[in-house]
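Trainee: the sequence and its predicted three-dimensional model are supplied below.
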Amino acid sequence: MNAVIYARYSAGPGQNEQSIEGQLRDCRDYAKKNDITIIDTYIDRHISGTDFENRTEFNRLIKDCERHQFSAVIVWKVDRFGRNREEIAMNKVKMKKHGVKLLYAKEHIPDGPEGIILESLLEGMAEYYSAELSQKVRRGLRESMLKGHALGGNPMLGYKIINKKYVVDPVTSPIVVEIFERYAAGETAKAIATDLNTRGVVNAKGDPFKNNTIYFILRNEKYIGIYRYGDIVVNDVIHPIINMELWGKVQMILEMNSRNRSRSRCTAPEEFLLTGKIFCEYCKRPIIGESGTSRNGASHYYYKCSSRKNKGAKCAKSTFRKTDLENFIVSQTIDNVLHPDTIDYLAKKVVEIQNSDAQELQMQSLRKQLSDVQKGLNNLVNAVEMGIITDTTKERMMALEERKEELKICIAKAEIKRPKLTEEMVEYWLNKFRDQDVDSTEFKIRLINTFVNSIYLHNDYAIIVYNFCDDESGHRAEIRAQLDDALRAKKEDQTCSSDPTQVPATVLQTNIIMITLSVFA
């Protein structure tokens, strides 16, 4: 199997080329052990895991998946792929669409359905640690901003950085004023940039001006003395170059121009959340997303059996409105999976998986060694209390004490690298799904990708298979057979007592739920 490696390190202390070297070494070792051929590497340096827009190599990787030259992407751990669950989920869907799977060199995630839940949990933990780190960084940034220190040391036209502080540059600050005045007078950013370049004026980095450079200057609040980083705002630590009257006029023109551009933009394509998971019960083909436009120009989105797209193909499967079907699947998942009994089962299963992996077995070995060393020390103490004191006894006791400290350090390091999951932690994480905004597209994507394995859609019923049972084919066949019998009997004899809505009560397995679509229609 051919694969590529993706590696990344963030901004911050201890993050450097050595971080990349370690990731690549572990990923190549993993590939070697699993008979995988590495054909390329993608590396983002000094980039945050949440900054998907500026991860140039990551974006190139996602695009290269379309070329079908590799079957897998190997990353060091979950948090190297990203620390935003929604973006991670959507990018994994894009990869899966082209037959590319994600592998982790230092985290054991089994291929079975429970592995999907464990992977989602690890992604959630990565996001939590990212948020915690971000909070600490923000405290440091705020203190630096209150002192008026320049963050990152990037140059800015009109200012010099002296002793970490922004100081007005008498040479370049008049250029900033000129740009604001010309834009306020009605000139375009393109015209201003062209004229400055013709005159040989360069931007803060010494490069020619571009349209985006002009817009960046026009929107930069530092020129009116406002120092902003995210939602942290500090005033009166930077001397303003632009007065408030000129600033207000420029912002009003920018807003008007922005509205005009927005009217001409096309809307983004609709995201079909069930793609790749939903199948037709009649012809067993995938059900795919479709769109259409009504006479009044309104767009409509729905799910349709893929066989019906082929001319001459016949399938009895009806179409379903996209939003209605997705909301129905989400509500059923919340009601049927996020149930106390199921949550208890999943928590035990996830912890069981973690306890079976190589890292946990190593931890158990270290703890066993520590226990044996402690027993040896206890025996020596008992011998000393009985008056058995020799040079050998003393040397052995000192050696065991040293070994005890070594093992404690090894265990502490291992626990820091890989936090131990408990059933309580997993239960808390699963219960958090019930508190989310069910109207949020990001939440729907995360819920469906975490729990829904597949959906088999009939005109009268839907069978939903969830990610917590390895062998569901036999269970699904049993449900389908009994359901079809009940539907057939009811159709042939209107007085028949067989009620298809009651079938699941007798054949429902832990990971399969059947819902008649009468409640959906």
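Mentor: Cool, got the structure.
Trainee: which phi and psi does residue 2 have?
Mentor: phi -90, psi 140 (degrees, to the nearest 10).
Trainee: tell me what residue 302 is bridged to.
Mentor: residue 290, residue 321 (DSSP bridges).
Trainee: my guess is it contacts residue 321. True?
Mentor: Yes: using Cβ atoms under 8 Å, residue 302 is in contact with residue 321, at 5.3 Å. For glycine as for every other residue, the C-beta is placed from the backbone atoms N, C-alpha and C.
Trainee: so which of these two has more stuff around it?
Mentor: Comparing residue 302 with residue 321 by neighbour count (other Cβ atoms under 10 Å), the higher total belongs to residue 302, at 17 against 13.
Trainee: how about the contacts made by the more buried one?
Mentor: 289, 290, 291, 292, 319, 320, 321, 322 (Cβ atoms under 8 Å, 6 or more residues apart in numbering).
Trainee: okay, and the nearest residue to residue 427 once chain neighbours are set aside sits in which element?
Mentor: Nearest residue to residue 427 in three dimensions, chain neighbours excluded: residue 347, at 4.7 Å (Cβ to Cβ, 6 or more residues apart in numbering). Taking DSSP states H and E as the definition, residue 347 sits inside helix 340-356.
Trainee: so what does that helix touch, helix or strand wise?
Mentor: helix 113-146, helix 423-432 (3 or more Cβ pairs under 8 Å, 6 or more residues apart in numbering; DSSP states H and E).
Trainee: compare the mean pLDDT across those and name the weakest.
Mentor: The stretch with the lowest average pLDDT out of the helices and strands packed on helix 340-356 is helix 113-146, scoring a mean of 57.
Trainee: now the helix or strand just after it: mean pLDDT?
Mentor: Counting by DSSP H and E, the next helix or strand C-terminal to helix 113-146 is strand 159-162. For strand 159-162, the mean pLDDT works out to 86.
Trainee: which residues are contacting strand 159-162?
Mentor: 150, 153, 155, 166, 167, 168, 169, 172, 173, 222, 238, 241.
Trainee: just the CA trace of it, in PDB.
Mentor: The C-alpha coordinates for strand 159-162 follow below in PDB (Å, rounded to 0.1, in the frame of the first residue of the first chain):
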ATOM      1  CA  TYR A 159       5.800  52.200  12.400                       C
ATOM      2  CA  LYS A 160       9.200  51.000  13.500                       C
ATOM      3  CA  ILE A 161       9.600  48.400  16.300                       C
ATOM      4  CA  ILE A 162      12.000  49.800  18.900                       C
END
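Trainee: hang on, residue 228 in a helix?
Mentor: No: looking at residue 228 with DSSP: H, G, I helix; E, B strand; the rest coil, it is strand, so not inside a helix.
Trainee: let me know the average pLDDT across the helix holding residue 347.
Mentor: 76.
Trainee: export it to PDB, keeping only CA atoms.
Mentor: Coordinates of each C-alpha in helix 340-356 appear next as PDB, following Å, rounded to 0.1, in the frame of the first residue of the first chain:
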ATOM      1  CA  PRO A 340     -28.000   6.000  29.500                       C
ATOM      2  CA  ASP A 341     -27.700   2.300  28.900                       C
ATOM      3  CA  THR A 342     -26.000   2.800  25.500                       C
ATOM      4  CA  ILE A 343     -23.600   5.400  26.900                       C
ATOM      5  CA  ASP A 344     -22.700   3.000  29.700                       C
ATOM      6  CA  TYR A 345     -22.000   0.300  27.200                       C
ATOM      7  CA  LEU A 346     -19.900   2.600  24.900                       C
ATOM      8  CA  ALA A 347     -17.800   3.900  27.900                       C
ATOM      9  CA  LYS A 348     -16.900   0.400  28.900                       C
ATOM     10  CA  LYS A 349     -16.100  -0.500  25.200                       C
ATOM     11  CA  VAL A 350     -13.800   2.500  24.600                       C
ATOM     12  CA  VAL A 351     -11.900   2.000  27.800                       C
ATOM     13  CA  GLU A 352     -11.500  -1.700  26.900                       C
ATOM     14  CA  ILE A 353     -10.000  -0.800  23.500                       C
ATOM     15  CA  GLN A 354      -7.600   1.600  25.200                       C
ATOM     16  CA  ASN A 355      -6.500  -1.000  27.700                       C
ATOM     17  CA  SER A 356      -5.700  -3.500  24.900                       C
END
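Trainee: next, the angle helix 423-432 makes with it.
Mentor: 130 degrees (axes from the mean of the first three to the mean of the last three Cα atoms, to 10 degrees).
Trainee: I'd guessed residue 286 sits against residue 274; true?
Mentor: No: if you go by Cβ under 8 Å, residue 286 and residue 274 don't touch, sitting 10.1 Å apart.
Trainee: higher neighbour count, those two?
Mentor: residue 274 (22 against 14).
Trainee: now for the more buried one: which residues touch it?
Mentor: If you count contacts by Cβ under 8 Å, 6+ apart, then residue 274 has 287, 303, 325, 326, 329, 448, 452, 455 around it.
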